[in-house]
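> Build me a model from this:
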Amino acid sequence: MKLEIIIFILAFLNKGNFLVISPEKLYIKPGGSGVITLDTTVSCQLIVDISFKTYDKVVPQTRVFGLKRQYRFKVKTDALAGYSTVCSLRCGEEEGSFELNIVEAFTAVGDPHFMQLVKDMRTGNSEYICYDISGRAGSYIYIAKYSDPDIKVYGRLLNDFYMHEILVFIESHIIIVNYSKFSFNRKRYLWPLALKKVKVPKIALRTNGNKLTIAYLSKKPIIISIFRNIRLDVRLRHLDVTLNSMERLSGGLLRDSQIKKYEFYPPVQEDSTTGTIMIDNRFYRADRTIRNNQTCWLLNASDVVNVKQFMLYKL
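Just a heads-up that it's a prediction; the model follows:
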């Protein structure tokens, strides 16, 4: 009887085997590459949604080692960021899928629950980390600095955790944004219909509902986007900010966290969300969580940056 049960279970498992693919989500920047690993040596067929507009800019390469097969996806430099699709792989009788995302060179978001994309030095893939910054109400967080051109971004805390004002200095220009209005070179505009577009040499501002986009115009534009948000559970209004071109940063909190060397070690047990990240040769515990509809590795801020170094009490 026991032998019959074992044979039945084996027959059931062999029917429509599920292919193990790691990671389940792949983030690649234009001009970059990423790797997925499969627990198989069988030749595979890759199936991509034909509506995925940038797939013709993605070049898959394969290699086999031991009992595993790897696919490296190289994204051409002219691929457009912002597209994602679910890719299916059929390897003999096994099938599996993963999510392929073409993302900005690097992005960061903070409210000030910061989330940013960093490189896993162990696999070559990109992973999102997230961490919470807290400070005294009214103090400023030195978020980011670009040297060419001269751009600085600061966030002012409404309370211990949320930003209610964003200040952007672009060369000789000053942009100050809060929840009800913002100013550009001392001229004030009210949300939400503040302006469709304002442009001065090399700088353009545009609003779209609760989003303000600030662009420094060049061959490789620097884009700073500021969003008005509200936490409905506590009716707390606050601002979020996102940046592109993180690889061009020269200072600030995001630069300090970006230049560190990361190695990600996922949970050993399938039902666990706790893994380990090595940051500059030191190991830290991290939990897989969801922030802003995005899965990320949650760390203590002190594991990533020296927070006091970037907390200012006046400008």
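> in stretch 19-35, what's buried?
For stretch 19-35, burial by neighbour count (16 or more other C-beta atoms under 10 Å) applies to 19, 21-23, 25-30, 32-35. C-beta coordinates here come from the backbone N, C-alpha and C atoms, glycine included.
> Relative to the whole chain's centre, how far out is it?
13 Å (C-alpha atoms, centre = their mean, to the nearest Å).
> Next: stretch 92-103.
On C-alpha atoms, centre = their mean, the centre of stretch 92-103 falls 20 Å from that of its chain.
> Farthest pair within the buried residues of stretch 19-35?
L19 and P30 (28.0 Å; C-beta to C-beta).
> quick one: which of the buried residues of stretch 19-35 is nearest D256?
K29 (20.4 Å).
> Q309 falls within a helix, correct?
Yes - per DSSP: H, G, I helix; E, B strand; the rest coil, Q309 lies within a helix segment.
> Roughly how far does it sit from S257?
Noted for Q309: a distance of 11 Å to S257, by C-beta to C-beta, to the nearest Å.
> just to revisit the earlier point, go through the buried residues of stretch 19-35 and flag which are in strands.
21-22, 25-28, 33-35 (DSSP state E).
> With distance to R206 and pLDDT as new columns, can these be given to me in CSV?
Shown next, in CSV, are these (distance: C-beta to C-beta, whole Å; pLDDT from 0 to 100):
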residue, distance to R206, pLDDT
I21, 40, 84
S22, 40, 81
K25, 30, 80
L26, 31, 81
Y27, 26, 80
I28, 28, 79
S33, 33, 76
G34, 32, 79
V35, 37, 80
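> What is the nearest of those residues to E99?
K25 (4.5 Å).
> ok, for the closest one, nearest residue in space, not its chain neighbours?
The shortest distance from K25 to any residue other than its chain neighbours is 4.5 Å, reached at E99 (C-beta to C-beta, 6 or more residues apart in numbering).
> I36 is in contact with that neighbour, correct?
No - counting by C-beta atoms under 8 Å, E99 stays clear of I36, with 10.4 Å between them.
> And these two? Which one has more around it.
I36 (23 against 14; other C-beta atoms under 10 Å).
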